[in-house]
Structures are given as structure tokens and as C-alpha cells.
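Chemist: this is a predicted model, with the sequence first.
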Amino acid sequence: MTAAENVCYTLINVASDSEPPSEVSLKTDLEKGEIKAKTEALKKVIIMILNGEKLPGLLMTIIRFVLPLQDHTIKKLLLVFWEIVPKTTPDGKLLQEMILVCDAYRKDLQHPNEFIRGSTLRFLCKLKESELLEPLMPAIRACLEHRHSYVRRNAVLAIYTIYRNFEHLIPDAPELIHDFLVNEKDASCKRNAFMMLIHADQDRALDYLSTCIDQVHTFGDILQLVIVELIYKVCHANPSERARFIRCIYNLLQSSSPAVKYEAAGTLVTLSSAPTAIKAAAQCYIDLIIKESDNNVKLIVLDRLIELKDHPTHERVLQDLVMDILRVLSTPDLEVRKKTLQLALDLVSSRNVEELVIVLKKEVIKTNNVTEHEDTDKYRQLLVRTLHSCSVRFPDMAANVIPVLMEFLSDTNEAAAADVLEFVREAIQRFDSLRPLIIEKMLEVFHAIKTVKIYRGALWILGEYCSTKEDIQNVMTEVRRSLGEIPIVENEIKKETGELKPEDEVSAGPAQKLVTEMGTYVTQSALSSSRPSKKEEDRPPLRGFLMDGDFFVAASLATTLTKLALRYVSIVQDKKKQNSFVAEAMLIMVTVLHLGKSSLPKKPITDDDVDRISLCLKVLSECSPLMNDIFNKECRRSLSHMLTVRLEEEKLSQKKESEKRNVTVQADDPISFMQLTAKNEMTSKEDQFQLSLLAAMGNTQRKEAADPLASKLNKVTQLTGFSDPVYAEAYVHVNQYDIVLDVLVVNQTSDTLQNCTLELATLGDLKLVEKPSPLTLAPHDFANIKANVKVASTENGIIFGNIVYDVSGAASDRNCVVLSDIHIDIMDYIQPASCTDAEFRQMWAEFEWENKVTVNTNITDLNEYLQHILKSTNMKCLTPEKALSGFCGFMAANLYARSIFGEDALANVSIEKPIHLGPDAPVTGHIRIRAKSQGMALSLGDKINLSQKKANI
């Protein structure tokens, strides 16, 4: 048995720079030192034994001079010492000295101090030598009747572990513990006893539970949790018992402990699929989310609700609880609100959509009254998007939603207002009956819009959908009101020069005495006019935008006025009115053009905007039918086509989701009848308790067999060569926040290797958790060493190191074998994700790290190259499939992914196929990567560089 296989329960850290003490000095301290010196010496002995030293000469010294001491610290240290010290001779026989130790512990089990008794009982749980335990059995049994609960509960644990390992020492343990359980009053003792019966004798545990099943709700929470576990296991092993215990689980849903309620709800769902059971469990989950203050708990329980929703038969039950689920929105955390809204949206149906919309409208109005918090804007945006989705799926709701949302167009938060605008644009295009209402509301809030982007969108909607004479004239009135007095340049110059407004006053500044270079005094006075201090704010909104140099809105205004004028001409027959309206529109465009060319705005007008406004002037001066058709019909057709494509994409993704959720049964699948199933076949369902334990320990078994490329062998890295004295290879197991290296070390020599140590170091954002302990390898022996590495962020990391060892009997220095580097792949942390175009653009502008990768590949097809990049980087393409279809020689696409640490990664692929070089020419171009952190941008760039070329098969 190698040192690596010795089970150690207690880990003690040792400072790497400390000098190991000599055996002689330790012996002196243990024999003659004071209590403090003996304590320190004993600590040093424990650390040396943990590091592989044998120290057999100190065993008798400790028994003679340390074991009789009554000091509590010494006694605690001795428990650790006896746990780790070798207790047998090389041929496997028990050391004679251990009889003395055994007698000392028999005395400790009868000690008047309950702490010493209890801690000794805990130590006995770790002993693996039955010869040592046999003389202690009467004393352990006696501890079951001790007055103190600490001793009794540890006695139960000791009996359980002894029964499990050496049943012959205490064959009547289940009966003994059952009798103890019946008479016990302390909750922790009852819990330990009941847990032992579950694992040792399940029938006795069920008998006990049957006697007190009506009192279960009065038990302590720790015992209730164990009862839930027992019921779960019994009902899964023997489904006929469900009817007997399901009422007990229902009662536990009312427990005062949140942990018990959570486990009981989870167990109820697995035991029964009846609508009443699902409803009770879901109601319990919702209560937990609302009452628990910890956001992590809320998110975990929400995930359980989402799992319930994903089951087709349970979805209907949850639809009736949508209003209860919406109570969770009272939580201030944005992530919880986001998940809740998504869940509510998935569950919404024609039966409950009206109530859902009423609640969401109230929430939207509430966000307006709340003092601004950093998440309020994002929450408002989420609510707007949810209402948008409801209105698209249930058009009858749009009329109720639009008036409330239109108020937010004048919001200072551009993101929420932009979402409202997008919703309004879709609603006005889809629902003809709502157009008059939307235009009326839009004209009401038009003058209050504060951001230029929203202003542009509102102008476009008014220009596109105002079709009556009154509406067109109202829009023109609003535009004039928003623009102020025209011509603008003349008006602004009057303001800047001496032609002051009546309310302005002229005042002479105080005279100021100055000294000239010649030393004489001169007096300087200034004439100043007291203008309104906020004259920029007093400007009408549209004029304010133009004076700030934002002339893109002027181009949008010109297009809107052109559409309105062309429509006005077709509606109104009176030539005079036609000419008057067109002339007014042209005058506005000309005055804006004049302003742009003058030096008054902060930035001059761009050539693109000049061209646009000039084109609109030309169109209005000619009024040709072709231009009328382009401006008033083609624009709307384009929007309609875009919305149709988007709707098709949404339907397609929903269809894929529903296909995933629907359980398909093949025609030749065997039908399982519960009554005819043998007991050993009932293990088809996985044990949830076992799964959750494995997940907590990081040992979850992924379905690797399905994909041979993802098998374990693929993740094995060879660390040394086959001709090295020590051969090593590592299996790299990546969990969410840590990496487990399982290193196989093989001694290929005919010598015994002592103190064989794996020394590791890391590069990047990786941190080694603990130093692997040294071990001794027999000739041609092998051992497994595990090392844990913590990961803090998404970037490529390197683990490097060496194996050092001493050859038994050799006088030379320590030998060293250098290991190959282990490269940690960034792809283990990156997952495809999606975001809206607006969010992508915002992040693209905000992220400061950019990595530009030049395309260097042997792939000749644009689409094939894009798919290759998506596969090798784990990113998702945000550009719609329709936009990428067809062949025009070039392609641009946006990619997005998110790491498990919440970091975003953006990429823009801009590639072309150089046609002049022939059909076999490879793709050329660039990929620009942007991320918040430098490591992410560089690592992703490296990954793309490594995987650009297609491997030849």
C-alpha cells in the first residue's frame, strides 16, 4: 500500500520555509519540557509525520510522557497524532505499544468531562484497526446513556462507523440504536440515530417513522431533512410505498425550516406528477423565493421552477400560478427579476395575459416614481421588453399597453425609450386599428422627447404613418414648435449680437485698475449684458440638437418632411395649399442647411447630411411619381419585410425549444409497467440526493460517451517521456471555478523512490490551492496524485512544474524530472450567448481592449469559414441567417459569447473572397475582438489564430 493510498482525514498546513527539527531535540522537549514546550514539540512531530517522516523512536516517549497529561490542547493534538501515526509493523501486525494507547482511550471514554468523551468518540470513527476498537466497545455502549447530548450523538456516530466497518464487533447495533431512538429527546441525537438506521437497517427506520408519522411536523429541522431523504429513497426503491408516505411529505411543505420545505418540494415532484402535487410544490417554491432574503437562494429556487416549467405536463399547472410568480418582482435584485419575467413570459397564455399586463403596467409606473437607482433603468427596460413580447403574441393587449409606454419616450434613459420606440414601430406597422391612437399619443409627447436618437425615431414614425390632412398639419406644427423661429441663423445671430430681448438688462461692470508696463495706472471698464444663464436649455429641443452639431437628425427631418409633403399633395386638391405646404417644408430644410454651413453650431454639417437634405429638396421641387413611390411605399415595405423575417426567426427558435422539450417515444420503445417491473430494475431514475452530493464534490459525470471526441482520453496530457525514470501524465478535469489535475506517476526504475513530490506552478489567473503531499514509490509502482487549481477569470493559463525524488540508498542529491506545460483552454469557460443589436453596439463602444486578428486560412468559402470560427471559439453569430445568405464576395457578421465568470466577448468578422485570384483563392479579411479585460481579448485572439486553418482529413 503506497503512502498516497493512506486515508488522511486531517490536513495541517506547514510553512515551507521552516527548518525541520531534529528527533533528539523533539525527544528532549517531550520528556522534560513544560506543557507549552510539549505542545509545540507534538505539533512539530505531527507535521513531520504528515510530510512522510517515520519517527518510530518517539512513539514510546509520547506514550510515557505525554499521554498521561490532562491538558485539553495536548489531548486534542494526541487525537490527531494517533490518527496519522503508523499503528502496525511492516508485516501488518499491530504494534505492542498500541495496547497502552487503547487503555488510555478507555479511560478517556469514562472521563467526567463531556468534551473529552465526545472528541474521543469522534476520533474512534476514524480508526481502521478492529483490534484497537474491540476492548473499547463496552465503554462506547455506556456513552449512549450519558447525560450530555454531545457525548450521546458522537457515540451514535462511533457505533455507526464501527458497525459499517467491523459488523462483528457490534452485531446488534441497529436494535440498540432503534431502542435509543425511541427514548431519545434531543434533536441532534435523534437525527444521527435515524440517519444510521436509514443506512444500516432501513426496515427499522421505517418502523420508527410509522410510529411517529403524525408528529413529524413537530420534529427539529435536521431530523425532518433526514426523514425526507428516507422517504425519497424508499419510494424510489419501492413505488408501492408512495401512498403511505406522500401525506408526510405534504405536511413537511408547511415546515418552519426553508431547507426542509425546499427538499420536501423537490421530493414531492419526483414522487408524484399529479397536478395537486405539482401545484403544492410550485407554491412552496414561490413562498421560499419571496421569504428568503439571500439572492442566491432565490436564483436556485427559480431554477427549480424553470425546470418544472420545462416539463410539458407541469406547464399547465404553473400557468395558473403566474400571478403568484410575479410577486417575486418585489425583490430589488435585477438578475432575480430578469429570470422571473422570463419565466412569466414563457407561462403566459390567453387565460392570464390580461392580469399579467396589468401587473407589468403597475410595475412600469412604479419605476417612474422610484428615486433613480442604477438598476431602475435596466428593470424598466426589461418590463418594456416583456410588455412588447406580450403585445406581439396577444395583439388585443397592445391597445392597453401603448398609452402607458408612450409616456416613457420622454424618459432621460435612452435605452428604455429606445425599446418603447421599437415596440411602437412594430405595433403601428402590425395593428392598423391602433394607428390613430399611437399617432395621437406620439404627438402629445413629441415636444418632451429629450434624446436625439429617440427624436429621430419618432420623426420617422410620424412621417411614415401620418396619412390624414389633420395629422400631417399637426406634425408640421410640432416640427415648427420644436425648431423655434426661422430662419435659424438670422435668429441666432440676433440673440448673439446687441439686439437683445426686452427682459435682458445692460449693466456696466465695476471699474478695474491696472498697472501698465511703464508703471502708470489705467482704468478698464466693461459693458456686459445679463443674459439668461441657461440659454441653451431655453432653446426648443430640435434647435438644441442642431446647435450641438447633430445634423443626422436634420437628414431624418428632411426625409420626414418630404414624405409628408408628397402625401399632402396627393390628399389635398387645392394647389395653393399644396404649394404653401411644400414651400414651408423646403424653407425648413434650407434654413437647416444654412445653419449647418454657418459657424454657429459646435460641429459643422457632414457631407452625407448635406447630400440627403439636397436630395429631398430636389424631390420636392420635381414631385415625380417614381420618387413618391420610393418615399411613401418602399420604405414601409422594407420595414414590413424586416419585421416578418424577425417574427419567422422567433417562431423557428420557439419551435426548436418546444421540440427539445417534447419527449418523443419511438414506435419500438418498450413499455414499462410498474407492477411488472422487478425491484432491481427500478433504478432507472437517478438518485437526486446522490446527484446533488456528486455535484457539490465536483464529480458530476458528464455524458462523455455520446461524443467520442469529448471522452476522458482526449483530455489526458503527457507530461514526461517514456524513457524518463518517472513517467507522468495528467487528466485535466475542468469544473466551473477550479481545475482538478489527476496525475498518474509511474516509477520506471528498479529502485525505490522516496519523497517523490509533484511540484507545480502556474502562469495566468490560476492559483494552486494546496501543495501535493510527497509519496514513496516501490520499483515499477505507480500512484495517482490530485492537485486543485483555482480559476479567477477567462484567460489562457499554463501549469508547469517538475517531479523531484530521492533514490533509496543513494548518496546523490535529489533527482528532478521537468514536466511538459499544461495549457488550460479558454474554451472550457466560454459559452455562446445572445444580446440585442443595441446592447452589442453599446458594449462595442464601451470595451477598451481590442485585438485585431488577420485572417490566414486555407478555407475558400466565406460561410464555411464563419461556421469554422463559430465552432472553434464557442461564440454565437448574432447576424441573422437571411443577412448571411447569398454570395456577393464579402461578408460581415457579429459574434458574441459570455464566460462563466460573466465576462462578455464580442467579435466582428469582416471577410471577403478575392474573386480576381480565382475560385480556389482563400478567404481574406480581419476579425476584431473586443473585451473588457486584456486577457480575454488576447486569449480569444490566440484561439482564433491557432484554429483558423481547416485540418486536412
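Modeler: Now that the structure is in, tell me what you want to look at.
Chemist: let me know the helix or strand that Leu222 is in.
Modeler: If you look again at residue 222, you'll see it is Ile, not Leu. Using DSSP states H and E, Ile222 falls within helix 221-237.
Chemist: hmm, who's touching that helix?
Modeler: 187-188, 190-191, 194-195, 198, 202, 205-206, 209, 216, 219, 241-242, 245-246, 248-249, 252, 255-257, 259-260, 263-264, 267, 270-271, 679, 682-683, 685, 687-689 (Cβ atoms under 8 Å, 6 or more residues apart in numbering). The C-beta positions use only the backbone N, C-alpha and C, and glycine is treated the same way.
Chemist: which of those fall in helices?
Modeler: Residues of the contacts of helix 221-237 located in helices (DSSP state H): 187-188, 190-191, 194-195, 198, 202, 205-206, 209, 242, 245-246, 248-249, 252, 259-260, 263-264, 267, 270-271, 688-689.
Chemist: buried ones among the residues you listed?
Modeler: Buried subset of these (neighbour count, 16 or more other Cβ atoms under 10 Å): 187-188, 190-191, 194-195, 198, 202, 205-206, 209, 245-246, 248-249, 252, 260, 263-264, 267, 271, 688-689.
Chemist: does Ala37 really touch Asp29, like I thought?
Modeler: Yes: counting by Cβ atoms under 8 Å, Ala37 does reach Asp29; the two are 4.8 Å apart.
Chemist: which of the two has more neighbours?
Modeler: Neighbours were counted for Ala37 and for Asp29 using other Cβ atoms under 10 Å; Asp29 has more, 22 against 13.
Chemist: leaving out chain neighbours, which residue sits closest to the more buried one?
Modeler: Spatial nearest neighbour of Asp29, excluding adjacent residues (Cβ to Cβ, 6 or more residues apart in numbering): Ala41 at 3.7 Å.
Chemist: that neighbour: neighbour count?
Modeler: Residues lying near Ala41 (other Cβ under 10 Å) number 24.
Chemist: that one belongs to a helix?
Modeler: Yes: under DSSP: H, G, I helix; E, B strand; the rest coil, Ala41 sits within a helix.
Chemist: state the pLDDT value of it.
Modeler: Confidence at Ala41, expressed as pLDDT, is 87.
Chemist: give me the pLDDT for Ala897.
Modeler: pLDDT, Ala897: 90.
Chemist: oh sorry, the question was meant for Ile306
Modeler: pLDDT at Ile306 comes out at 86.
Chemist: got a list of what it touches?
Modeler: Residues in contact with Ile306 (Cβ under 8 Å, 6+ apart) are 339, 343.
Chemist: give the next helix or strand downstream of the strand or helix carrying Val804.
Modeler: Assigned by DSSP H and E, Val804 falls within strand 797-807. Moving toward the C-terminus from strand 797-807, the next helix or strand (DSSP H and E) is strand 815-818.
Chemist: any chance you could list what contacts that following strand?
Modeler: With contact meaning Cβ under 8 Å, 6+ apart, strand 815-818 is reached by 720, 724-726, 728, 802-807.
Chemist: okay, now the sheet partners of it, with direction.
Modeler: strand 797-807 (antiparallel) (DSSP bridges).
Chemist: give the buried residues for the partner strand.
Modeler: Of the residues in strand 797-807, those with enough neighbours to count as buried (16+ other Cβ under 10 Å) are 797, 799-806.
Chemist: as a whole number, average confidence for that strand?
Modeler: The average of the pLDDT scores along strand 797-807 is 86.
Chemist: stretch 429-444 too?
Modeler: Taken as a whole, stretch 429-444 has a mean pLDDT of 81.
Chemist: contacts for it?
Modeler: For stretch 429-444, using Cβ under 8 Å, 6+ apart, the contacting residues are 392, 395, 398-399, 402-403, 406, 409, 424, 427-428, 458, 461-462, 465-467, 471, 474-475, 478, 636, 639-640, 643.
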